[in-house]
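Peer 1: Give me coordinates for this.
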Amino acid sequence: MLTKIGGRNALINSQITGIIMRLHNKVTLITGAAAGIGAEIATLFATEGARVLIGDVNAGEGDQTAARIRRVGGRA
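Peer 2: Have a look, this model is predicted:
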């Protein structure tokens, strides 16, 4: 169904739990996940229910990304 939200069209799925947890019980490997787009993708996937494996040459920042994901309830 298409509905107006804040003056913009947005696609709204009536099965909202399907949207929120569409990666539930999946394992993902995100390379370059220590910073930038990779870190944001890792965080998004974790909020969608995935277990996230973070790969990056920068281990220190990768650990920080994993810790940030765990602080908000994700699995990394």
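Peer 1: any idea how far the nearest residue to Ala50 once chain neighbours are set aside is from Thr65?
Peer 2: Using C-beta to C-beta, 6 or more residues apart in numbering and skipping residues adjacent in sequence, the residue nearest Ala50 is Leu23, 3.8 Å away. Heads up, the C-betas are built off the backbone N, CA and C, glycines and all. Relative to Thr65, Leu23 is positioned 17 Å away (criterion: C-beta to C-beta, to the nearest Å).
Peer 1: Please identify which helix or strand holds the residue most central in space within the chain.
Peer 2: Taking C-alpha atoms, centre = their mean, the centroid of the chain lies closest to Leu44, which sits 1.5 Å from it. If you go by DSSP states H and E, Leu44 is part of helix 36-47.
Peer 1: Quick check: what element follows that helix along the chain?
Peer 2: Assigned by DSSP H and E, the successor of helix 36-47 is strand 51-55.
Peer 1: Pull out the buried positions in that next one.
Peer 2: 51-52, 54 (16 or more other C-beta atoms under 10 Å).
Peer 1: Tell me which residues are up against whichever helix or strand comes after that strand.
Peer 2: The element immediately downstream of strand 51-55 (helix or strand, assigned by DSSP H and E) is helix 59-71. Under the contact criterion C-beta atoms under 8 Å, 6 or more residues apart in numbering, helix 59-71 has outside partners 33-35, 39, 42-43, 46, 52, 54-56, 75-76.
Peer 1: and if we set it to 6 Å?
Peer 2: For helix 59-71, the surrounding residues in contact (C-beta atoms under 6 Å, 6 or more residues apart in numbering) are 33-35, 39, 42-43, 46, 54, 56, 76.
Peer 1: among those, who's most crowded?
Peer 2: When neighbours are counted by other C-beta atoms under 10 Å, Ala42 leads the contacts of helix 59-71 with 30 neighbours.
Peer 1: that older thread, tabulate the contacts of helix 59-71 (JSON lines), appending pLDDT.
Peer 2: Listed next are those as JSON lines, based on pLDDT from 0 to 100:
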{"residue": "Ala33", "pLDDT": "95"}
{"residue": "Ala34", "pLDDT": "95"}
{"residue": "Ala35", "pLDDT": "95"}
{"residue": "Ala39", "pLDDT": "94"}
{"residue": "Ala42", "pLDDT": "94"}
{"residue": "Thr43", "pLDDT": "92"}
{"residue": "Ala46", "pLDDT": "91"}
{"residue": "Ile54", "pLDDT": "95"}
{"residue": "Asp56", "pLDDT": "95"}
{"residue": "Ala76", "pLDDT": "91"}
